[in-house]
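[1] Got a predicted structure plus its sequence, pasted below:
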Amino acid sequence: MPTEDQLRAFHDTGKLREQIFENVTNAFKERFPIEGKRFTLHVDKLSMPGTRFTLAEQKQALLENRDLSVPLQGTARLVENSTGQQLDKRKLTLAHVPYLTPRGTVISGGNEYALINQFRLKPGVYNRVRANGELESHFNTQSGTGPSFRLSMEPSTGVFKFEMGNSQRRIYALLRAAGIDDATLEKSWGKEVLQANQDALDPRALNTIYQKLFRVTPDRTLSDSEKAKAIMARLEEGKLDPDVTKSTLGTAYSAITPYSLIDASKRILGINRGEQEPDDRDSLRYRTLHGPEDFLAEKIMKDSGNLQRQLMWKLEQDPSRSLKKLQSGYFTAQLKGLLHGDARALPLEE
């Protein structure tokens, strides 16, 4: 939940401009240092001048096909991991941050762009009926944490499946190997549904789910319980909004557990029996609103275009053991990626 000083009116472009500059600066602070095999790249002493552009300067930028931006300056330091020795240090402009005009637009390459706002689904578990009649619980994890997946049920059989990408495997084997006994499952599912899942037991399920999550074939020496433990540990990395799961599952889960899977399966059973209603994922209670102040910072946090990874590779290969490969404004391309080829930035017709 944003604090009061983070809230703004939609028409308050001055506040939005400040938040863009602040969030991009904080993104660099959070993203760095970046550690490679041999070296670590630090970024310190970040600062931005309090620049304001007049209408005349904005017009000139449009006429001269220029960008209107403010430099984010900082000190980059290259440190050797094995010794802790500082090998090089440079004060430079890290990125040119797009300047938001009083009209709520940005100017790049002589063109003026409007940036939209965007609703996003909160992390949580959402239950619905698919167009083909199957029921599913969508485990929508927080971005950057564990994997998202779906738990589905065939209405005609009552068999539950774990779905990730194009992979589908029946989930009974995972729950049993994770330590959930049949008495607990019967209490949630009923005797008939439990019997249907027992009859449909898939001995390959654990190996397939393990391989999908870790992208490697599990070691043959691992027992089923060890595979299940590793699978659940990976799934538990996925963060959920406890307020959402309290509403959709009846229990406030902040991470995925075997019991969250059971509660989700119990919920879609109730929907199938007509005892409960599906979740309205379009409801504003399940949505967050994001704007340019979030999008630009995310370009740095998510390493848009893998520029940061490429830079570290170049630094590791450079025999000079210096910051020569880090040019002024190197990270500008990540921020400009929002303006060019992104549906959230619209060129104005003028």
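    Perfect, thanks for sending it. What you see is a predicted model, and the numbers here were worked out from it, not measured in a lab.

[2] how about the helix or strand hosting Leu194: buried residues?
    Assigned by DSSP states H and E, Leu194 belongs to helix 191-199. By 16 or more other Cβ atoms under 10 Å, the buried positions in helix 191-199 come out as Val193, Leu194, Ala196, Asn197. From N, CA and C alone the C-beta is placed, and that goes for glycine too.

[3] Name the nearest of those residues relative to Phe331.
    Checking the buried residues of helix 191-199 against Phe331 with Cβ to Cβ, the nearest one is Asn197 at 50.9 Å.

[4] How about the closest one: what's its closest non-neighbour residue?
    In this structure, Asn197 finds its nearest non-sequential neighbour in Tyr172, 4.2 Å apart by Cβ to Cβ, 6 or more residues apart in numbering.

[5] May I see the buried residues of helix 191-199 organised as JSON lines, with pLDDT added?
    Formatted as JSON lines, those follow (pLDDT from 0 to 100):
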{"residue": "Val193", "pLDDT": "95"}
{"residue": "Leu194", "pLDDT": "95"}
{"residue": "Ala196", "pLDDT": "95"}
{"residue": "Asn197", "pLDDT": "95"}
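
[6] Next one: the closest residue to Glu154 other than its chain neighbours relative to Ser260, how far apart?
    Closest residue to Glu154 apart from its sequence neighbours, by Cβ to Cβ, 6+ apart: Glu134 at 6.2 Å. Counting by Cβ to Cβ, to the nearest Å, the gap from Glu134 to Ser260 is 20 Å.

[7] can you give me the strands for this protein?
    Assigned by DSSP state E, the strands in the chain fall at 34-35, 39-47, 69-80, 86-98, 105-108, 111-115, 118-121, 124-129, 135-140, 149-153, 160-164, 167-170, 287-290, 345-347.

[8] Which one, of those, ends up nearest to Leu55?
    Shortest distance between Leu55 and the strands of the chain, using Cβ to Cβ, is found for strand 105-108: 11.8 Å.

[9] Looking at stretch 162-171 now, give me its mean pLDDT.
    Average pLDDT, stretch 162-171: 92.

[10] ditto for stretch 112-131
    In the prediction, stretch 112-131 has an average pLDDT of 94.

[11] same deal with stretch 91-100?
    Stretch 91-100 shows a mean pLDDT of 96.

[12] Also stretch 46-66?
    93.

[13] need the helices for the stretch 201-350 of the chain, in chain order.
    Secondary structure of the stretch 201-350 of the chain, counting by DSSP state H, counting those that start in this stretch: helices at 205-214, 224-235, 242-248, 258-272, 292-301, 307-317, 332-336.

[14] for the third one, which positions count as buried?
    Within helix 242-248, the residues that qualify as buried are Val244, Thr245, Ser247, Thr248, counting by 16+ other Cβ under 10 Å.

[15] okay, among the residues you listed, which ones form the most distant pair?
    With Cβ to Cβ as the measure, no two of these lie farther apart than Thr245 and Ser247, at 7.3 Å.

[16] distance of Lys89 from Ser320?
    In terms of Cβ to Cβ, Lys89 sits 14 Å off from Ser320.

[17] between these two, which one's more packed in?
    Neighbours around Lys89 and Ser320, counted as other Cβ atoms under 10 Å, are more numerous at Lys89. The numbers are 14 against 10.

[18] so that one touches Thr75, yeah?
    Yes: counting by Cβ atoms under 8 Å, Lys89 does reach Thr75; the two are 6.5 Å apart.

[19] Give me the most central residue, the chain.
    Ser143 (2.0 Å; Cα atoms, centre = their mean).

[20] Quick one: residues contacting it.
    Taking Cβ atoms under 8 Å, 6 or more residues apart in numbering as the contact definition, Ser143 lies against nothing.

[21] Would you check how far apart it and Ala205 are?
    Here the criterion is Cβ to Cβ. By it, Ser143 lies 27 Å from Ala205.

[22] Same check on Asp199?
    Counting by Cβ to Cβ, the gap from Asp199 to Ala205 is 14 Å.

[23] One more: Arg17?
    As judged by Cβ to Cβ, Arg17 and Ala205 stand 52 Å apart.

[24] ok, now Pro292?
    Pro292 sits at a distance of 44 Å from Ala205 (criterion: Cβ to Cβ).

[25] now do Phe295
    39 Å.

[26] Of all the residues in whichever helix in the chain runs longest, which ones are buried?
    Assignment by DSSP state H gives helix 13-31 as the longest helix of the chain. By neighbour count with 16+ other Cβ under 10 Å, helix 13-31 contains the buried residues Thr13, Leu16, Arg17, Gln19, Ile20, Phe21, Asn23, Val24, Thr25, Ala27, Phe28, Arg31.
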